[in-house]
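Asker: Sharing a model prediction with you, sequence too.
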Amino acid sequence: MSNVLAIAHRELRAYFASPIAYIVIGFFALVFGWFYSNSLVYVVRQGVQAQMGMGPAAMNVNQQLIRPLILNVTVIFLLLLPLITMRIYAEEKRSGTIELLLTSPLTDLEIVLGKFLGALALYAVMIGLTLIHFLLLFAFGNPDWKPLATAYLGLLLFGGCFISLGLFISSLTKNQIVAGAATFCVFLLLWTTDWISDNLGPTGQAITKYLSMTDHLDDFVKGVIDTKHLVYYLSFIAFGLFLTVRSVDTERWRG
């Protein structure tokens, strides 16, 4: 485990040694703040209308602000997570350090897990900063903290799926641009899986609905932890890491 943590620390330090971490976190904070302010203005306007008898009598901050806000901002991950994952292996191959890593007394699994945890830690920092906005809601309102906690659990698993897949794609090439573009395209396909469900039969609709990453996230944002969603996300992460381990093992044999 110490080897895995050492690799994870190395990866996280490499992110902050380059502009990538600051650009990703800064851009996400800016866009999230814009989404948050607009959502808050909308909910406040609804509250004023409710007091005047022109809107719904009951206002639920979790359902009318937090849930749509989190689901809307997840689209930003389509752009930002490829920036995090594209360099993980591609940069190692380009700079030639991959040979040193593969000849070190580390197993392929330790290397992959370490790189995964390093990227996941950066992602956790990125979404963790958004707690500042929600703390304001607790200071001036009365939202329920349990759905918010499950929403962050869902976001962590959601990002973990994308990172594990991006890790695999990055291991296939030494060009960061190619890795980033390919990762974005695959992410976009997964994001739009349920869009084609209307053109399929009942079986096809059930399959595409199950494969939809956002559909599984919605229950977390509602405050529901369903084992089928946990199994889906954890299985997706495990499969992505398995593919990466096999790819790294192939690279080791080639070397």
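Answerer: Nice, I can see it.
Asker: which stretches of the protein form helices?
Answerer: Assigned by DSSP state H, the helices in the chain fall at 2-17, 19-51, 61, 67-73, 77-85, 90-95, 97-102, 108-128, 131-140, 145-170, 176-191, 202-211, 213-222, 227-254.
Asker: between those, which gets the lowest average pLDDT?
Answerer: Looking at the helices of the chain, the lowest mean pLDDT belongs to helix 97-102 (a mean of 69).
Asker: picking up where we left off before, please render the helices of the chain as a markdown table that adds mean neighbour count to the earlier fields.
Answerer: All C-beta atoms are positioned from the backbone trio N, CA, C, and that covers glycine. Conversion of the helices of the chain to a markdown table gives the following (neighbours: other CB atoms under 10 Å):
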| stretch | mean neighbour count |
| --- | --- |
| helix 2-17 | 16 |
| helix 19-51 | 15 |
| helix 61 | 20 |
| helix 67-73 | 18 |
| helix 77-85 | 22 |
| helix 90-95 | 18 |
| helix 97-102 | 15 |
| helix 108-128 | 21 |
| helix 131-140 | 13 |
| helix 145-170 | 22 |
| helix 176-191 | 17 |
| helix 202-211 | 13 |
| helix 213-222 | 19 |
| helix 227-254 | 16 |
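Asker: shouldn't Phe187 be in contact with Pro82?
Answerer: Yes: taking CB atoms under 8 Å as the definition, Phe187 is a contact partner of Pro82 at 6.8 Å.
Asker: Name the residues contacting each of the two.
Answerer: When contacts are counted by CB atoms under 8 Å, 6 or more residues apart in numbering, Phe187 and Pro82 are jointly contacted by Gly166.
Asker: can you tell me which residues contact the spatially most central residue of the chain?
Answerer: For the chain, the residue whose C-alpha lies nearest the mean C-alpha position (CA atoms, centre = their mean) is Gly159; its distance is 1.9 Å. Residues counted as contacts of Gly159 (CB under 8 Å, 6+ apart) are Phe77, Leu81, Leu120, Tyr123, Ile127.
Asker: Just send those back as JSON lines, with distance to Val41 too.
Answerer: Formatted as JSON lines, the entries for the contacts of Gly159 read as follows, by distance: CB to CB, whole Å:
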{"residue": "Phe77", "distance to Val41": "24"}
{"residue": "Leu81", "distance to Val41": "28"}
{"residue": "Leu120", "distance to Val41": "33"}
{"residue": "Tyr123", "distance to Val41": "28"}
{"residue": "Ile127", "distance to Val41": "22"}
